[in-house]
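**Q** below are the sequence and a predicted model; questions follow.
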Amino acid sequence: MKQNLKIKSFWGTSENAVKTQVYIAIIAYTLVAVIKSKLKTNRSPYEILQFFSTSLFDKT
C-alpha cells in the first residue's frame, strides 16, 4: 500500500491516524487521476503530483 500511494511513513501510530492518512492518499490519487483524464495528458500521476507540490509553494 505504501508503494502505490507514495506514503513514505505514517505520521501517527494509532489505528485512526493510519486510516486517515491512507484515506487522504487515496483521495489525492483519485483527484490526480481525474485531472489526468480531464486534461488528456500523457504525464504520469507522479509528474502531476510533482507539479502541484512545487506550484503550491510558488509565490508568483
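**A** Yep, it's here. Numbering: from 1, shown residues only.
**Q** what strand or helix carries the most centrally placed residue in the chain?
**A** In the chain, the centroid-proximal residue (Cα atoms, centre = their mean) is residue 28; its distance is 4.2 Å. Using DSSP states H and E, residue 28 sits within helix 15-39.
**Q** can you check residue 12 too?
**A** Using DSSP H and E, no helix or strand contains residue 12.
**Q** and it, what is it in contact with?
**A** Shown in contact with residue 12 (Cβ atoms under 8 Å, 6 or more residues apart in numbering): 18, 20-21. No exception for glycine: its C-beta is placed from N, CA and C like everyone else's.
**Q** just the buried residues from those residues, in ChimeraX please.
**A** Of the contacts of residue 12, the buried ones go into a single ChimeraX selection, burial set by 16 or more other Cβ atoms under 10 Å:
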select :21
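**Q** need the contacts of residue 12 in TSV with distance to residue 33, can you?
**A** As requested, those are exported to TSV (distance: Cβ to Cβ, whole Å):
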residue	distance to residue 33
18	23
20	21
21	19
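**Q** where does the protein have low pLDDT?
**A** 1-9, 54-60 (pLDDT under 70).
**Q** hmm, back to that, tell me the helices and strands packed up against whichever helix or strand comes after the helix holding residue 28.
**A** Of the helices and strands lying after helix 15-39 in sequence (DSSP H and E), the nearest is helix 45-55. Packing partners of helix 45-55 (3 or more Cβ pairs under 8 Å, 6 or more residues apart in numbering; DSSP states H and E): helix 15-39.
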